[in-house]
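Asks: Predicted model follows, preceded by the sequence.
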Amino acid sequence: MAARRFSQAISEGDGISVLVEVGDLDGARAAEADGAEAIVLRVPLDGIRNATELPILWRAQGPLTDAVRAGADACLVVVAGPDEGEDRLAALQREALELDMDFVVEVRDEDELEWANEQLDPEIFLLAGPADEDESPIGRALELLPDVPAGKLAVADVPVLNREQVDQLERAGVDAVIVGVRDVASLVGDGHPPV
């Protein structure tokens with residue numbers, strides 16, 4: 001089976017996609033066996049392409065050539081705010097596209113999301129950031145979601161603890177959620193949540 005592009009993995013099929021952040025090859029194998037749709041890497045991991053055929057989101061620091069060497073299908077950039085160097089992010093976006101990688105933009109508030117959409121027009125937004133004290137752990141992602149333009153993909157990076165929270169994100173329209181390697185099978189589920 002050929003590896004799928006990252007965007008394809010999270011947009012196809014039924015329900016929300018579970019993406020698993022891994023730190024070793026065994027974690028990658030376990031994530032794939034448990035039904036994950038993609039792998040997230042924060043550090044280079046030798047042999048990852050031999051361990052899994054899942055698409056890889058590169059979340060590590062360093063040049064995109066490192067991501068290519070790791071077999072990544074997508075790269076993540078973080079918007080630091082409206083004062084972010086537009087030229088730097090635009091150059092990274094061009095480089096990612098030239099390397100045939102999906103380009104994912106992490107935003108933490110409405111201003112960053114608006115700026116990224118106007119300046120970069122990415123296909124995939126990663127919704128992150130701490131929830132307010134009176135919000136649930138997934139509150140920030142749900143707060144940002146209505147500002148994601150129609151036709152774009154939304155990935156939530158939130159501390160998901162159980163399948164009910166995954167179902168809540170899915171009902172709201174989130175396309176994918178990043179989780180840790182533990183309990184992947186219980187978070188993937190096997191059906192659609194009630195609407």
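Replies: Everything's here; your move.

Asks: does the residue nearest the centre of the chain sit in a helix, a strand or a coil?
Replies: Closest residue to the average C-alpha location of the chain: V155 at 4.7 Å, with Cα atoms, centre = their mean. Under DSSP: H, G, I helix; E, B strand; the rest coil, V155 falls in the strand class.

Asks: max-length helix in this structure?
Replies: If you go by DSSP state H, the chain has its longest helix at helix 86-98.

Asks: roughly how far is that helix from the heart of the chain?
Replies: Centroid separation between helix 86-98 and its chain, computed with Cα atoms, centre = their mean, to the nearest Å, is 18 Å.

Asks: how far away is the residue nearest to the centre of the chain from A74?
Replies: Using Cβ to Cβ, to the nearest Å, one gets 10 Å for the distance from V155 to A74. (Each C-beta comes from the backbone N, C-alpha and C, glycine too.)

Asks: Need the overlap of contacts for the two.
Replies: With contacts taken as Cβ atoms under 8 Å, 6 or more residues apart in numbering, V155 and A74 have V104, I124 as neighbours in common.

Asks: how close does E112 get to A96?
Replies: For E112 relative to A96 (Cβ to Cβ), the value is 19 Å.

Asks: I should have written G180 there, sorry.
Replies: Per Cβ to Cβ, G180 is found 26 Å from A96.

Asks: which one of these two has more residues nearby?
Replies: A96 (23 against 16; other Cβ atoms under 10 Å).

Asks: now do the same end-to-end measure for stretch 149-168.
Replies: Using Cα to Cα, to the nearest Å, one end of stretch 149-168 lies 20 Å from the other.

Asks: Buried residues in it, which are they?
Replies: L153, A154, V155, A156, D157, V158, V160, Q165, V166, D167, Q168 (16 or more other Cβ atoms under 10 Å).

Asks: and the least confident of those?
Replies: The weakest per-residue confidence within those falls on V160 (77).

Asks: My guess is that one contacts V166. True?
Replies: Yes: using Cβ atoms under 8 Å, V160 is in contact with V166, at 5.9 Å.
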